[in-house]
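**Q** Prediction below, plus the sequence it came from.
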Amino acid sequence: MISAGELSESIRIAVSSLRSNLLRAVLTTGGVVVGVVLVVLMGWTINGLDAIWEKTISIIGKDMIYVDKWDWAGGRNWRKLETRKDITMDQATLLSSSLESAEIAVPLVRQWGASFVRENLSIRGAVMGTVSAYGATPAATTEEGRFFTPIEDAEGSNVVVVGYAIARTFFPSGGALGQTIKINGRPFRVIGVVEKRGFLFMDFIDQQVFIPLEAFRSSLGLTNVSFSVAIKAGNERMLDVVRDEAIGLMRNIRTVQPGADDDFSINEMKAFDAQAANIRTGIWIVGMGLTILAFLVGSIGIMNIMFVSVTERTKEIGIRKAIGAKRATILVQFLVESALLCLVGAIIAFPFSQAIVASARWLAVDVFDFEAATAVSPFIPIDLLIVAIVVSVIVGLLAGLAPAWRASRLNPVEALRFE
């Protein structure tokens, strides 16, 4: 073991050596700079995806369950799901009225690929027919206007609550409320705009509109459609209770025989967790591969420059050993110098990383109008900087180990004779 005084002296010598060869030190750290930047960007990207995913879940509702014919996450055989009988309006209504543990349960029907027209603009999306109670779920929270009322629901009024993307397309400057759009040729008055809900790979949910169920029946019909039941448990602790009750009731309503598989699906936001995890894993694998490659290149450069430094200072090492310096002291001196060299690279990398992060977020939000990026921080988290520093120091210690070992094993007599 070396004393604190010897360690302090090793650090002083290492700093002095780096200062005397500052340009060489900076140029040598190129690989480390790239490695640190990649580490920071990878961590920032994964954190950003997590933030986007959490925002998506919180807006749609962590306590929401949807009973549907289809498995949204695609986890089952599609052909097998296609053979299932549609969930009828009567079945959906009966389940909604029978659930006792849920806070809200409402029938929901949709038509994909519907035509929305406003003056000369035409786009396609999904029409959702439901009842007024659906407005109390997170998925129908409006940022402008309101959801339709029970009276409008019962009368089948031609009113519509449009998704965020629909409103941005037809009314880019705002002012959607009170305007008219045509849904499959039939005019509907806009009474509300749903807040932005779709992030990551779920932008399609902002291209939906909501109309009263009776209006859906009269304008689009209920032929060849399958209903869903949107269930709000009330809180996450009630999810298991509500899910079990919904499954039991639906099996009874659909007369599913004991032991037979459910002929319906229970869809929750956690069904998409695997997809989000796959994206994170992909980014991590690519990022780690590039990072390891960059650090490998950087460590080879640092190792070479440390061997050069040992050669240049052979006589100095001989003098230090002649006056009593121990092998451990010489070893630590060059390990400290190598670690400081990598630390310099990390310090150089930080402003570059921050500039890239801030620029990427600015481009995503302000230039490309990617709304999801608003959930991502424009600053590098402190924990990522700490990780980058630790990794850099470890790389420096590993890269400097062979040169430091060689320096510590030099024969002092031969070192003094070195010219």
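**A** Sure thing, it's come through. What you see is a predicted model, and the numbers here were worked out from it, not measured in a lab. Numbering: from 1, shown residues only.

**Q** and the residue positioned nearest the centre of the chain, how far is that from Thr281?
**A** Taking C-alpha atoms, centre = their mean, the centroid of the chain lies closest to Leu49, which sits 1.2 Å from it. Relative to Thr281, Leu49 is positioned 11 Å away (C-beta to C-beta, to the nearest Å). Where you see a C-beta, it was placed from the backbone N, CA and C, and this is true even at glycine.

**Q** Only the buried residues of the helix or strand where Val117 lies, if you could.
**A** Val117 belongs to strand 104-118 when assigned by DSSP states H and E. Buried residues in strand 104-118, counting neighbours by 16 or more other C-beta atoms under 10 Å, are found at Ile104, Ala105, Val106, Pro107, Leu108, Val109, Arg110, Gln111, Ala114, Phe116, Val117, Arg118.

**Q** Going by distance to Ser228, which of those wins?
**A** Nearest to Ser228, judged by C-beta to C-beta, of those is Leu108 at 4.5 Å.

**Q** Quick one, grab the pLDDT at that closest one.
**A** Leu108 is assigned a predicted lDDT (pLDDT) of 94.

**Q** Offset the numbering so it begins at 57, please.
**A** Yep, numbering from 57; the last one is Leu164 now.

**Q** Quick check: beta-bridge partners of it?
**A** Thr186, Ser284 (DSSP bridges).

**Q** what about the strands in the stretch 107-256 of the chain?
**A** Secondary structure of the stretch 107-256 of the chain (DSSP state E, counting those that start in this stretch): strands located at 120-124, 160-174, 177-186, 198-201, 215-218, 236-239, 242-250.

**Q** And for the closest residue to Glu159 other than its chain neighbours, the neighbour number?
**A** Closest residue in space to Glu159, ignoring its immediate chain neighbours: Gly290 at 3.7 Å, by C-beta to C-beta, 6 or more residues apart in numbering. Neighbours of Gly290 under the rule other C-beta atoms under 10 Å: 15.

**Q** Equivalent analysis for Ile341, please.
**A** Other residues close to Ile341 by other C-beta under 10 Å number 11.

**Q** can you tell me the helix or strand for it?
**A** Secondary structure (DSSP H and E) places Ile341 in helix 329-368.

**Q** for that helix, what is the average pLDDT?
**A** Averaging pLDDT residue by residue across helix 329-368 gives 81.

**Q** Please identify the next secondary structure element, helix or strand, after it.
**A** Criterion used, DSSP H and E; the element after helix 329-368 is helix 370-378.

**Q** can you give me how far that following helix is from the chain middle?
**A** 55 Å (C-alpha atoms, centre = their mean, to the nearest Å).

**Q** how about the helices in this structure?
**A** Secondary structure of the chain (DSSP state H): helices located at 60-76, 78-84, 86-116, 134-138, 145-154, 206-211, 220-226, 269-275, 295-309, 329-368, 370-378, 383-418, 438-464, 468-473.

**Q** and those helices as a markdown table, adding distance to Pro194?
**A** Converted to a markdown table, these look like this (distance: least, C-beta to C-beta, whole Å):
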| stretch | distance to Pro194 |
| --- | --- |
| helix 60-76 | 56 |
| helix 78-84 | 52 |
| helix 86-116 | 6 |
| helix 134-138 | 26 |
| helix 145-154 | 18 |
| helix 206-211 | 19 |
| helix 220-226 | 14 |
| helix 269-275 | 20 |
| helix 295-309 | 14 |
| helix 329-368 | 18 |
| helix 370-378 | 69 |
| helix 383-418 | 26 |
| helix 438-464 | 30 |
| helix 468-473 | 73 |
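
**Q** between those, which one is nearest to Ala431?
**A** Closest approach to Ala431 among the helices of the chain is made by helix 86-116 (4.5 Å; C-beta to C-beta).

**Q** outside of stretch 87-100, which residues touch it?
**A** 339-340, 343-344, 346-347, 350-358, 397-398, 401-402, 404-406, 408-409, 412-413, 432-433, 436-437, 440-441, 443-444, 447-448, 451-452 (C-beta atoms under 8 Å, 6 or more residues apart in numbering).

**Q** Now the buried members of these.
**A** Buried among these (16+ other C-beta under 10 Å): 339, 343, 346-347, 350-351, 354-355, 357-358, 397-398, 401-402, 404-406, 409, 413, 432, 436, 440-441, 444, 447-448, 451-452.

**Q** Which one, of the helices of the chain, ends up nearest to Phe244?
**A** So among the helices of the chain, helix 269-275 is nearest, using C-beta to C-beta, at 7.7 Å.

**Q** For the closest one, buried residues please.
**A** Leu269, Glu270, Ala271, Phe272, Ser275.

**Q** and which of these is nearest Ser284?
**A** Nearest to Ser284 among the buried residues of helix 269-275, with distances taken as C-beta to C-beta, is Leu269, at 12.0 Å.

**Q** number of nearby residues for the residue nearest to that closest one when sequence neighbours are not counted?
**A** Spatial nearest neighbour of Leu269, chain neighbours left out: Gly185 (4.6 Å); criterion: C-beta to C-beta, 6+ apart. Applying other C-beta under 10 Å, we find 26 residues neighbouring Gly185.

**Q** Tell me the spacing between Gly185 and Val246.
**A** Gly185 is 16 Å from Val246, by C-beta to C-beta.

**Q** Ser72 now?
**A** 72 Å.

**Q** ok, these two, which is more surrounded?
**A** Legend: neighbour count by other C-beta under 10 Å for Ser72 and Val246, higher for Val246 (24 against 10).

**Q** could you measure that one against Lys238, distance?
**A** In terms of C-beta to C-beta, Val246 sits 11 Å off from Lys238.
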